[in-house]
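[1] structure for this input, please:
(one chain, ligands or ions: 1)
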Amino acid sequence: MSKVAVVGGGAAGMFASIFAARNGNEVHVFEKNEKLGKKLFITGKGRCNVTNAADIETLLANVRANPKFLYSAFYGCSNDMVMDFFEKEGCRLKVERGDRVFPLSDHSSDIIATLERAMKKEGVKIHLRHEVKSLDELKDFDSIIVATGGMSYQATGSTGDGYRFAKDLGMNVTELMPGLVPFNIEGEIPKMLQGLALKNVTAAIYDGKKEIYKDFGEMLFTHFGVSGPLILTGSSFVSKQIKKGPLRLVIDLKPALTKEQLDARILREFEEGKNKQFKNVLGGLFPSKLIPVMIDLSGIEPEKKVNEISKAERETFVNLIKGFELKIISLRGWNEAIITRGGVSVKEINPSTMECKNHPGVYFVGEVLDLDAKTGGFNLQIAWSTAYLAGISV
Ligand SMILES: Cc1cc2nc3c(=O)[nH]c(=O)nc-3n(C[C@H](O)[C@H](O)[C@H](O)COP(=O)(O)OP(=O)(O)OC[C@H]3O[C@@H](n4cnc5c(N)ncnc54)[C@H](O)[C@@H]3O)c2cc1C
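    Sure, this is the predicted structure:
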């Protein structure tokens, strides 16, 4: 029987420990917090989007950094296996819109409790309030699994220790950046629109004229800028460009309509309210919070009668609706990032086992690795799959 140390009792550490113990090893988990899975607790707004039920190719397509590295991991421990694991251990799951998988109870605490129960059943020894300062402390162990997570939401315990451990071993850590993070936007518009959620819009990000991201979905205005799934995903496509200067965020508020169709729609609204003022005919086009902003940006007098609005003015208005532009000045910080981009270079890790190529017996799993994906349960699937491979390999 060999002795295995797991550093970190988050998603990846807990999962790895269960499979390492099932393999007949003596497994010790060291977690610096007073309890396991503090970050898991806040995932999915407290509901934990535990994985995504799409096929494996779709899972891989949603991984942003190093998807090829994850081939063995995703096939070795698929989303089906993860779902099976939780169901067999007594946690019922459900699939929602976009194939997102949640516990039936809608409580992330049930995911943590299930993992903890399985760990205890397999005889895993849990050491809470035990911060590992250096891997040298673990010389007595035959194998070490580093599952220390990333750098974001540091109050959950993920303070980047694993990157230090990797560097101590002489390993390469790629540049770290906050990922799936909101944007700071220039000017007063976000404050005016704070709390407004826009559904079914298209957002595109441009570096000068070059489009670096475009997608369709839901976004949200906040006091500092913009957030919501469409924006968070967009942030994963923004890296070095933002350091050089602001980027353009262009929102199409009516992506289902061509400019011609939109013009016809506006004309209809105008005809229905023939003698009305411009400011009083826009209720059918936008949510009320957006109306004063759109009037202001249109350059059309709010009191102007709609039958006096010229074709050119209408054209400007159509262009504004199809290309509502904001200036991205920066990414928000680590405390608002869902994940860390960058990490321990996967070039130095065996993709079939998660063992370091130059350090036999040392494994890195989960977010500490240079892997990241879009929102939708894909990041936790990365944690489960990589952890499983290390667990069965030690
Ligand atoms: C707000 C928020 C919501 C999210 N929602 C989702 C979601 O719904 N679906 C999804 O797929 N992903 C989601 N994520 C991402 C997901 O939480 C992470 O990808 C995942 O938790 C990574 O797992 P991990 O085990 O690698 O790291 P973590 O879960 O961060 O665990 C690392 C653990 O290691 C411990 N640790 C660190 N250093 C040491 C040390 N030196 N000694 C001892 N212990 C140490 C930490 O205390 C921590 O408990 C969300 C993230 C955030 C911040």
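[2] tell me the residue furthest from the middle of the protein?
    Centroid-distance maximum for the chain: residue 275 at 48.4 Å, with Cα atoms, centre = their mean.
[3] what's the burial count for the nearest residue to it once chain neighbours are set aside?
    Spatial nearest neighbour of residue 275, chain neighbours left out: residue 305 (6.4 Å); criterion: Cβ to Cβ, 6 or more residues apart in numbering. For the C-beta atoms, the positions are set from N, CA and C on the backbone; glycine is no exception. Per other Cβ atoms under 10 Å, the neighbour tally for residue 305 reads 15.
[4] residue 305 touches residue 276, doesn't it?
    Yes: using Cβ atoms under 8 Å, residue 305 is in contact with residue 276, at 7.3 Å.
[5] packing partners for the worst-scoring helix or strand of the chain on mean pLDDT?
    Across the helices and strands of the chain, the lowest-confidence element by mean pLDDT, DSSP states H and E is helix 240-244, at a mean of 80. Helices and strands touching helix 240-244, by 3 or more Cβ pairs under 8 Å, 6 or more residues apart in numbering; DSSP states H and E, are strand 324-331.
[6] now the strand it packs on: average pLDDT?
    For strand 324-331, mean pLDDT is 96.
[7] against the ligand, how distant is residue 2?
    According to Cβ to the nearest ligand atom, to the nearest Å, residue 2 stands 21 Å off from the ligand.
[8] got it, and residue 53?
    Distance, residue 53 to the ligand, using Cβ to the nearest ligand atom: 13 Å.
[9] hey, what's the residue nearest to residue 275 bridged with?
    Note on residue 305: beta-bridge partners residue 277, judged by DSSP bridges.
[10] need the pLDDT of it.
    On pLDDT, residue 305 comes in at 94.
[11] check the one 3 residues further on too.
    Listed pLDDT for residue 308 reads 93.
[12] run a quick neighbour tally on it.
    Neighbours around residue 308, by other Cβ under 10 Å: 11.
[13] any idea how far residue 39 is from it?
    From residue 308 across to residue 39, the span is 58 Å (Cβ to Cβ, to the nearest Å).
[14] please export the C-alpha coordinates of stretch 334-345 as PDB.
    C-alpha atoms of stretch 334-345 as PDB (Å, rounded to 0.1, in the frame of the first residue of the first chain):
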ATOM      1  CA  TRP A 334      -9.200  38.300  -9.300                       C
ATOM      2  CA  ASN A 335     -12.000  38.700  -6.800                       C
ATOM      3  CA  GLU A 336     -14.600  38.600  -9.500                       C
ATOM      4  CA  ALA A 337     -13.000  36.100 -11.900                       C
ATOM      5  CA  ILE A 338     -14.700  32.700 -12.100                       C
ATOM      6  CA  ILE A 339     -11.500  31.000 -13.100                       C
ATOM      7  CA  THR A 340      -7.800  31.600 -13.700                       C
ATOM      8  CA  ARG A 341      -6.400  31.600 -17.200                       C
ATOM      9  CA  GLY A 342      -2.900  30.200 -17.500                       C
ATOM     10  CA  GLY A 343      -1.200  27.900 -14.900                       C
ATOM     11  CA  VAL A 344       1.200  25.000 -14.700                       C
ATOM     12  CA  SER A 345       2.200  24.300 -18.300                       C
END
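[15] any buried residues in it, and which?
    Within stretch 334-345, the residues that count as buried by 16 or more other Cβ atoms under 10 Å are 334, 336, 337, 338, 339, 340, 341, 342, 343, 344, 345.
[16] as TSV, those with secondary structure and distance to residue 83 would be great.
    Formatted as TSV, the buried residues of stretch 334-345 follow (DSSP: H, G, I helix; E, B strand; the rest coil; distance: Cβ to Cβ, whole Å):
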residue	secondary structure	distance to residue 83
334	helix	31
336	helix	29
337	coil	27
338	coil	22
339	strand	22
340	strand	26
341	strand	27
342	coil	29
343	coil	26
344	strand	28
345	coil	31
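[17] and the ligand, which of those contact it?
    By Cβ under 6 Å from any ligand atom, the members of those lying near the ligand are 338, 339.
[18] which members of the buried residues of stretch 334-345 are the farthest-apart pair?
    336 and 345 (25.8 Å; Cβ to Cβ).
[19] dump the residue contacts of whichever residue of the stretch 101-250 of the chain sits closest to the ligand.
    With Cβ to the nearest ligand atom as the measure, residue 157 is the residue of the stretch 101-250 of the chain nearest to the ligand, at 2.0 Å. For residue 157, the contact set (Cβ atoms under 8 Å, 6 or more residues apart in numbering) comprises 8, 10, 31, 32, 33, 38, 39, 149.
[20] can you rerun that using 10 Å?
    Neighbouring residues of residue 157 by Cβ atoms under 10 Å, 6 or more residues apart in numbering: 8-10, 31-39, 131, 148-149.
[21] all good on my end, thank you.
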